[in-house]
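**Q** can you look at this prediction? I've put the sequence above it.
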Amino acid sequence: MAQQTPQQTQYDVIIVGGAIMGASAAWFLSDNADFDGTVLVVERDLTYEACSTAHTNSCMRQQFSTELNVRISQFAANFVKNIRSYMGGDTRVPDLSIHNFGYMYLADTEAFADTLRESVSVQNAAGAATRLMTPDEIKQAYPFYNVDDIVLGSINTVDEGYFDGAGVFDWWRRQSRERGVEYVQNEVVAMTRNAAGTRVESVTLASGEVIACGQVVNASGPRADRTARMAGISVPVEPRKRFTWMFNAAHPLDRDLPLTIDPSGVHVREVGGGTYQAGGHADIDLAVGYDDYDMDHAIWENHIWPALATRIPQFEAIKVTSEWAGHYAMNTFDHNAIMGPHTEVENFIFLNGFSGHGLQQSPAMGRGTAEWLVYGAYRSIDLSPFNYARIPAGTPIIEKAVI
């Protein structure tokens, strides 16, 4: 039975949400020699059965259009490849790697091709190994693609592909618990601010306990706005449904399939052994209920499968083996992370709005949040452009590479 009642009545940091972002922030706090405070992580369901982390593709890429997002993913790759070293040389921690099949962006218009060119320039300047490919070059390297309508492609096979996100998640939780971070299976249902309204003084749990806090971190994934509203504020994050299908091909491809982002919006990647994973969403991409994980089978028949078979003719003969729906925590303001303190409620810290990039960004974002909590500033990567203050200021960060 998961622990439900906190051991103390006050904590220096309360993290609302214990999935990948909350776990990352908690671990990096526990790993910071300058922090000796108490940390409580409140998670609705410690089985994580329905959370976004459990439904992830578990891939990472450096193909973003902003340098900051590129550098965030570069740290993720470094962390994954050196996880045992980061975790103090703990011999129980497995050696992890990245299955570098890469991401292949396919452009079918000159305008999209220009976007790829601009983004590759940004990526290369940051040290990423992304390269552009003409249709002929794509066909030569990956003969299974139909490139009749393709103008240009971009690919990077260095530190881009699949990694064991579940392994990273498990070890963050295990090691931080051993260091004193407390996890409870409960739910924050209310927050109380001080008389001036400038700080959250306590949170109330579904089981009735009122727990005092020094700082509170909103790591609630798609429920971010619901959590913020308990403090009398809001954040432009909502749940958007994303569908995933695993399938076997009657005629498997003769080489690794990059995670392919088709102009149709469908994406598909290698799993191994003749098995592949595809994903997409409805044409009208609206917010859904927090507990709405119903499948829409018509999307597969009318959109996903036709797009797959058009791009990769060998995928005309395939068999779906499993399927599920999960949620993106979609930042409707600019599709980028929302971090740092609220502009008025100074001890309410955002860790939200990752819009499908959360797993791969979690090492840098958890580390940055821990730095902010301890020092009041970012010390490794300057993540301040993502701070919440840009929301009321109306200054979005435009990221063009959102899947």
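**A** The structure has been received and is ready for your questions. Because the structure is predicted, anything quoted here is derived from the model rather than measured. Residues are numbered from 1 along each chain as shown.
**Q** any low-confidence regions in this protein?
**A** Low-confidence segments of the chain, defined by pLDDT under 70: 1, 54.
**Q** same thing but at 80, please
**A** Applying pLDDT under 80 to the chain flags the ranges 1-2, 50-57, 401-403.
**Q** residue nearest the centroid of the protein?
**A** residue 358 (1.2 Å; C-alpha atoms, centre = their mean).
**Q** for that one, list the residues it contacts.
**A** Shown in contact with residue 358 (C-beta atoms under 8 Å, 6 or more residues apart in numbering): 20, 21, 52, 53, 56, 221, 329, 365. The way it works is simple: take the backbone N, C-alpha and C, and place the C-beta from them, glycine included.
**Q** just the buried residues of those residues.
**A** Buried members of the contacts of residue 358, counted by 16 or more other C-beta atoms under 10 Å: 20, 21, 52, 53, 56, 221, 329, 365.
**Q** show me the contacts for the fourth one.
**A** With contacts defined as C-beta under 8 Å, 6+ apart, residue 53 is in contact with 19, 20, 165, 169, 221, 358, 359.
**Q** now do the helices in the stretch 151-300 of the chain.
**A** Counting by DSSP state H, counting those that start in this stretch, the stretch 151-300 of the chain has helices at residues 165-178, 224-230, 297-299.
**Q** buried set for the second one?
**A** Same thing as helix 224-230. 224, 225, 226, 227, 228, 230.
**Q** kindly report the same for the last one.
**A** Along helix 297-299, these residues count as buried under the neighbour rule (16+ other C-beta under 10 Å): residue 299.
**Q** name the helices or strands packed onto the helix or strand immediately after it in the chain?
**A** Tracing the chain past helix 297-299, the next element assigned as helix or strand by DSSP states H and E is helix 305-311. Using 3 or more C-beta pairs under 8 Å, 6 or more residues apart in numbering; DSSP states H and E, no helix or strand is in contact with helix 305-311.
**Q** could I get the full set of helices for the stretch 301-403 of the chain?
**A** 305-311, 358-375, 390-393.
**Q** off-centre distance for the last one?
**A** Average the C-alpha atoms of helix 390-393, do the same for its chain, and the two points are 22 Å apart (C-alpha atoms, centre = their mean, to the nearest Å).
**Q** and if you look at the longest one?
**A** Helix 358-375 sits 12 Å away from the centroid of its parent chain (C-alpha atoms, centre = their mean).
**Q** export it to PDB, keeping only CA atoms.
**A** The C-alpha coordinates for helix 358-375 follow below in PDB (Å, rounded to 0.1, in the frame of the first residue of the first chain):
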ATOM      1  CA  GLY A 358       8.800  16.700 -21.400                       C
ATOM      2  CA  LEU A 359      10.600  13.400 -21.200                       C
ATOM      3  CA  GLN A 360      13.600  14.500 -23.200                       C
ATOM      4  CA  GLN A 361      13.700  17.900 -21.500                       C
ATOM      5  CA  SER A 362      13.300  16.600 -18.000                       C
ATOM      6  CA  PRO A 363      17.000  16.400 -17.000                       C
ATOM      7  CA  ALA A 364      17.700  20.000 -17.800                       C
ATOM      8  CA  MET A 365      14.400  21.300 -16.500                       C
ATOM      9  CA  GLY A 366      14.600  19.400 -13.300                       C
ATOM     10  CA  ARG A 367      18.100  20.600 -12.700                       C
ATOM     11  CA  GLY A 368      17.200  24.100 -13.600                       C
ATOM     12  CA  THR A 369      14.200  24.100 -11.200                       C
ATOM     13  CA  ALA A 370      16.300  22.800  -8.400                       C
ATOM     14  CA  GLU A 371      18.800  25.500  -9.000                       C
ATOM     15  CA  TRP A 372      16.100  28.100  -8.900                       C
ATOM     16  CA  LEU A 373      14.700  26.700  -5.700                       C
ATOM     17  CA  VAL A 374      18.100  26.700  -4.000                       C
ATOM     18  CA  TYR A 375      19.800  29.800  -5.500                       C
END
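**Q** identify each buried residue in that helix, please.
**A** Within helix 358-375, the residues scored as buried using 16+ other C-beta under 10 Å are 358-374.
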